[in-house]
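**Student:** How does the following fold in three dimensions:
(one chain, ligands or ions: 1)
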Amino acid sequence: MNISRYKTYCLECKTLISDIQKSFIIDNSRPQSFCSEKCVEKFYQNEIHDFQEQEKELRREFQIFEIHSVDEDTLRNYRQESLLDPDEIWEDSNPINEKYYYLLKSYPYEDSILTNITICKMFNEKPSFIFHSFFTSSTDLINSYKLGKKVKGLEEGEKGYQKEQFVLPQEILDEIAVRKNECFAQMLVHRKETDISFETFPLYEQFIKKTLDDPDEIYEEIVDGYTIHTMFKTNFYENKAFSHYVIGMKVMNGKEEVLLPIFSFPTIDEELLAIYNQGKRIFKKAIN
Ligand SMILES: [Zn+2]
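**Tutor:** Next comes the predicted model:
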């Protein structure tokens, strides 16, 4: 006779959980099962409320009254992106050592930034239950949620591709800044209203590596003595095709020549492609 010695019950409703594989475990620091998402929500309803109230209290304390004009769809995308690839993750514990996570991700917004703060539980390094999520441009408010220890994120002064610790001469840094401004200005002139909106650009940064590693086409041009490569790749985001552009400058890193990305953007406008594909085409992917 096969006796099941240990039985598992839903932490909320106490229903017997017959198949643990199908149960909901949301907390590494408290690995107990729930029978359904509904029970998870019920179990944590007080804490959901507490985190909502905390935000209100902090806003009152810091006198922060914000109105953002970003549309709901964009905010929804931002929220999703924050869960998939946050800039920073902070891990904090309550007095009985249960873990809480604070996910932060920033997006450019008008002249400043808009940061999404998500308070959640994590299981197997992925967000498993969200208590609260909101947006702010206030540094005071953002800093109030950097709690415990930072388990993901760049150190002060580090920025994206500088991760590999390039030490570049000032002359090259100046050239990059000039090129970057030119690329941006050029785009403002030619970009159509119907194209992908600026506000969503950060959502497309995840494609930079793909485009660099496996471009569809590469163009080369010499500008002021520097070799500029423009490359693009057709990608898909939310099932929609778009062209992702990366403009990079060749620089020497020690004895090695590397391509430093200086500007990137997504577009669905074929006319814009014609404008950016400057110089000599040095690569075209064979179509199978
Ligand atoms: Zn239950």
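**Student:** I'd assumed residue 234 was in contact with residue 243.
**Tutor:** Yes: between residue 243 and residue 234 there is a contact at 5.8 Å, judged by CB atoms under 8 Å. In short, each C-beta sits where N, CA and C put it, glycine included.
**Student:** So between these two, which is more surrounded?
**Tutor:** Neighbours per residue, other CB atoms under 10 Å: of residue 243 and residue 234, the larger number sits with residue 243, 21 against 12.
**Student:** Please list all residues in contact with that one.
**Tutor:** Applying CB atoms under 8 Å, 6 or more residues apart in numbering, we find residue 243 in contact with 232-235, 266-268, 273.
**Student:** What about these, which are in helices?
**Tutor:** With DSSP state H as the criterion, helices contain residue 273 from among the contacts of residue 243.
**Student:** Which one (most neighbours) among the contacts of residue 243?
**Tutor:** That'd be residue 232 among the contacts of residue 243, by other CB under 10 Å, with 24 neighbours.
**Student:** For it, give the beta-bridge partners.
**Tutor:** Note on residue 232: beta-bridge partners by DSSP bridges are residue 217, residue 245.
**Student:** Wait, it touches residue 210, no?
**Tutor:** No: using CB under 8 Å, residue 232 is not in contact with residue 210, being 11.1 Å away.
**Student:** where does the residue lying closest to residue 199 once chain neighbours are set aside land in three-state SS?
**Tutor:** Spatially, and ignoring its direct neighbours in sequence, residue 199 is nearest to residue 74 (5.4 Å; CB to CB, 6 or more residues apart in numbering). Following DSSP: H, G, I helix; E, B strand; the rest coil, residue 74 is assigned to helix.
**Student:** wouldn't residue 74 be in contact with residue 201 here?
**Tutor:** No: if you go by CB under 8 Å, residue 74 and residue 201 don't touch, sitting 10.8 Å apart.
**Student:** Now do the SS call for residue 142.
**Tutor:** Secondary structure for residue 142, judged by three-state DSSP, is helix.
**Student:** List the residues that contact the closest residue to it other than its chain neighbours.
**Tutor:** Nearest residue to residue 142, sequence neighbours excluded (CB to CB, 6+ apart): residue 115, at 5.3 Å. Each residue near residue 115 by CB under 8 Å, 6+ apart is listed here: 104-107, 135-137, 142.
**Student:** Which of the residues you listed scores worst on pLDDT?
**Tutor:** Among the contacts of residue 115, residue 107 carries the lowest pLDDT, at 89.
**Student:** Can you tell me the element it falls in?
**Tutor:** Using DSSP states H and E, residue 107 sits within strand 99-109.
**Student:** just how off-centre is that strand within its chain?
**Tutor:** Taking CA atoms, centre = their mean, to the nearest Å, the mean C-alpha location of strand 99-109 is offset from the chain mean by 9 Å.
**Student:** Please apply the same query to stretch 249-269.
**Tutor:** With CA atoms, centre = their mean as the basis, stretch 249-269 stands 21 Å off its chain's centre.
**Student:** next one: stretch 77-92
**Tutor:** The chain centre lies 6 Å from the centre of stretch 77-92; the measure is CA atoms, centre = their mean.
**Student:** mean confidence score for that stretch?
**Tutor:** If you average the pLDDT over stretch 77-92, you get 92.
**Student:** So which bits of it are buried?
**Tutor:** Neighbour counts over stretch 77-92 (16 or more other CB atoms under 10 Å) mark 77-79, 81-83, 86-91 as buried.
**Student:** Flag the shaky bits of this protein, pLDDT-wise.
**Tutor:** When residues are selected by pLDDT under 70, those of the chain lie in 1-3, 154-167, 288.
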